[in-house]
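1. One predicted model, sequence on top.
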Amino acid sequence: MTTSRAPKPAPARPRPRAKSAVVPGPRAPTPAAQPIGVVHLTAEYWPFARTGGLGEAVSGLASFQAAAGMPTTVVLPLYRQVRAAAPSLERAGPSFTVALGGRTETAWLYRVPEDRGPQVFFIEHPEFFDRAGIYGDDAGDYPDNALRFAFFCAASLTVLPHVAPGAQLLHAHDWHTALAPVYLRTVFASEPLHRQLRVVMSVHNAGFQGHFPPETVAALGLPGELYAPEVFEWYGRMNFLKGGLTFSDLAVTVSPTHAEELRTAEGGFGLQEKFIELGDRLVGILNGIDPGAWNPEIDPHIPARYSMHDLAGKRRCKAALQRAYGLPVAALTPVFGMSARLVSQKGLDLVLGADLLGTSDAQFIFLGAGEHRYHAALTELAAANPDRVAVEFAFTDHLEHGLLAGADLLLMPSLYEPCGLTQMRAQCYGTIPVARRVGGLLDSIGDGATGFLFTEYTSAALEQALARALARYRERAPWRAIVRHAMAQQFGWDRSAARYQDVYRRALARPAPAE
């Protein structure tokens, strides 16, 4: 994922906020019927650049908003992988300069040459973004990530009048864009368009906050008094996400349950006091998925199509999946799939600590890439049990479609899961999740109705949930009923996008901080 996972230290005592550097924007009310012009700032955006769920979530929301008639603009960095995904990008104007601390950088603006959907723009700066990775490489995070993403925020605000002159609301996503609200109310506070903007900050994964040395504040051209406990200071470090939340009108996280978790010492990643301070300005809205892309009735990526009324195609998909991974083709043998980044957050330690093979005849297929230790452990497990376990580290969307169509059950024993999308996709394909009772998993899975949940973060609790699921699997008529119930669930963006509209209207109606 990204820079600096947050530990969970004891919360700091708040002190009065420094106000001298803040120039508040004016009130900007918007009638409910008037379309709201929104600009999304994001480090990832599907299909151009992504490492996980962030890019797909932002793309899903922005695409739905544009289709609903909202003037929607997206801005992200022009990474090397963007060039590979969109070779026909066109330059959208001359070069421009960005002042950042004591330096001036030159950048260029590019756009996707299509007028369907959101207007998507890219900030080009080869030194910062023409790299093999988005956040880092095999050696770890890029050491200049603070500068890279601060530049992206400042550059985006610089070109905002050009790319979205009618914008009313800035929607920033995760720590990579968290300096945009700060720059908006300080460096850009006297600009006419910027003064009228309201800000919503989305927290997709609070486990990553952007921690840097205190001197980073001045190096990025920000007033030194902002290095205070109410803004950036966080246990002797500068915290990008904390500063962004401080300068935002409203904040959103990606499920109602996770919004409550963030307000606790156990689930707040050291920022629980900031989330508590936000009060009702922190809202949890469950992400959605694209029902056109994740629909077994029309999916071009799977061997056979099927529906909740005719599951014959799912049986053919299961047989094809078993053959593809060298497992015995057995219609009645349960197949578990796991499609995830292979990192500790996803519960790999529980999986490896459980007796998965000794308590049933089930087969297991693991799809994803991540930490070397999990690659090694899963490879060893598959080598020792070639008829029961298969692994695939070369993740592609095509492979995930095939896995979800062919598997009977999905493993999601996450340590924490702000929202999760895989459990929604799986249910659409009649693949029943076995998941931990956290975040968006609790909000999107009905225990015993569309999946099986467990609470304790232990291998024993996972084993008990697997046993419950397998007991239901052996009862063919009840199993078909749970499969059909899962497939009947609706996880599109309709309901979630309507809630975002409410959040936007609340942000636009908020009085200026000085009023």
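-> Received, thanks. Numbers count the residues shown, from 1 in each chain.
2. what ranges do the helices span in the stretch 251-400 of the chain?
-> Remark: helices assigned in the stretch 251-400 of the chain by DSSP state H, counting those that start in this stretch are 256-261, 272-278, 312-324, 348-353, 372-384, 397-406.
3. how about the nearest residue to the residue most central in space within the chain, chain neighbours excluded?
-> Note on the chain: the residue nearest the mean C-alpha position is L54, at 2.7 Å, using Cα atoms, centre = their mean. Among residues not flanking L54 along the chain, E44 sits closest, at 4.6 Å (Cβ to Cβ, 6 or more residues apart in numbering). The C-beta positions use only the backbone N, C-alpha and C, and glycine is treated the same way.
4. Let me see the confidence value for that neighbour.
-> Per-residue pLDDT puts E44 at 97.
5. Next: P24.
-> 35.
6. same question, the one 10 residues further on
-> Q34 is assigned a pLDDT of 78 by the prediction.
7. can you count the residues close to it?
-> 11 (other Cβ atoms under 10 Å).
8. what about it, which SS state?
-> With DSSP: H, G, I helix; E, B strand; the rest coil as the basis, the three-state label of Q34 is coil.
9. quick one: it from L169, how far?
-> Using Cβ to Cβ, to the nearest Å, we find Q34 at a distance of 12 Å from L169.
10. Next: S59.
-> S59 is 18 Å from L169, by Cβ to Cβ.
11. quick one, longest helix in the chain?
-> Scanning the chain for the helix with the most residues, using DSSP state H, yields helix 145-163.
12. how distant is that helix from the center of its chain?
-> A distance of 21 Å separates the centroid of the chain from that of helix 145-163, by Cα atoms, centre = their mean, to the nearest Å.
13. Check stretch 402-417 too.
-> 17 Å.
14. Can I get it as PDB, trimmed to CA atoms?
-> Provided in PDB are the C-alpha atoms of stretch 402-417 (Å, rounded to 0.1, in the frame of the first residue of the first chain):
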ATOM      1  CA  GLY A 402     -12.600 -16.800 -13.000                       C
ATOM      2  CA  LEU A 403     -11.800 -17.500  -9.300                       C
ATOM      3  CA  LEU A 404     -15.000 -15.800  -8.100                       C
ATOM      4  CA  ALA A 405     -17.200 -17.600 -10.700                       C
ATOM      5  CA  GLY A 406     -15.700 -21.100 -10.000                       C
ATOM      6  CA  ALA A 407     -15.100 -21.100  -6.200                       C
ATOM      7  CA  ASP A 408     -17.800 -22.100  -3.700                       C
ATOM      8  CA  LEU A 409     -16.600 -20.000  -0.900                       C
ATOM      9  CA  LEU A 410     -14.400 -16.900  -0.300                       C
ATOM     10  CA  LEU A 411     -11.900 -16.400   2.500                       C
ATOM     11  CA  MET A 412     -11.700 -12.900   4.000                       C
ATOM     12  CA  PRO A 413     -10.400 -13.300   7.600                       C
ATOM     13  CA  SER A 414      -9.200  -9.700   7.600                       C
ATOM     14  CA  LEU A 415      -7.500  -8.100  10.600                       C
ATOM     15  CA  TYR A 416      -9.400  -4.900   9.600                       C
ATOM     16  CA  GLU A 417     -11.300  -4.100   6.400                       C
END
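15. so G347 touches R436, yeah?
-> Yes - taking contacts as Cβ atoms under 8 Å, G347 lies within contact range of R436: 6.7 Å.
16. intersection of neighbour lists for these two?
-> Counting by Cβ atoms under 8 Å, 6 or more residues apart in numbering, the contacts common to G347 and R436 are 412-415, 457.
17. ranking those by neighbours, who comes first?
-> That'd be P413 among the shared contacts of G347 and R436, by other Cβ under 10 Å, with 27 neighbours.
18. Next up, the contacts around the residue nearest to it when sequence neighbours are not counted.
-> Closest residue to P413 apart from its sequence neighbours, by Cβ to Cβ, 6+ apart: G347 at 3.3 Å. For G347, the contact set (Cβ under 8 Å, 6+ apart) comprises 411-415, 436, 457, 462.
19. between the residues you listed, which is closest to E233?
-> Nearest to E233 among the contacts of G347: L415, at 27.5 Å, using Cβ to Cβ.
20. Now do the same contact list for the residue nearest to the closest one when sequence neighbours are not counted.
-> For L415, ignoring the flanking residues on the chain, the nearest one in space by Cβ to Cβ, 6+ apart is Q345 at 5.2 Å. Q345 makes contact with 207, 414-417, according to Cβ under 8 Å, 6+ apart.
21. Would you mind giving the residues you listed as CSV with distance to I482, secondary structure and pLDDT added?
-> Listed next are the contacts of Q345 as CSV, based on distance: Cβ to Cβ, whole Å; DSSP: H, G, I helix; E, B strand; the rest coil; pLDDT from 0 to 100:
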residue, distance to I482, secondary structure, pLDDT
G207, 32, coil, 92
S414, 21, coil, 97
L415, 26, coil, 96
Y416, 26, coil, 96
E417, 21, coil, 96
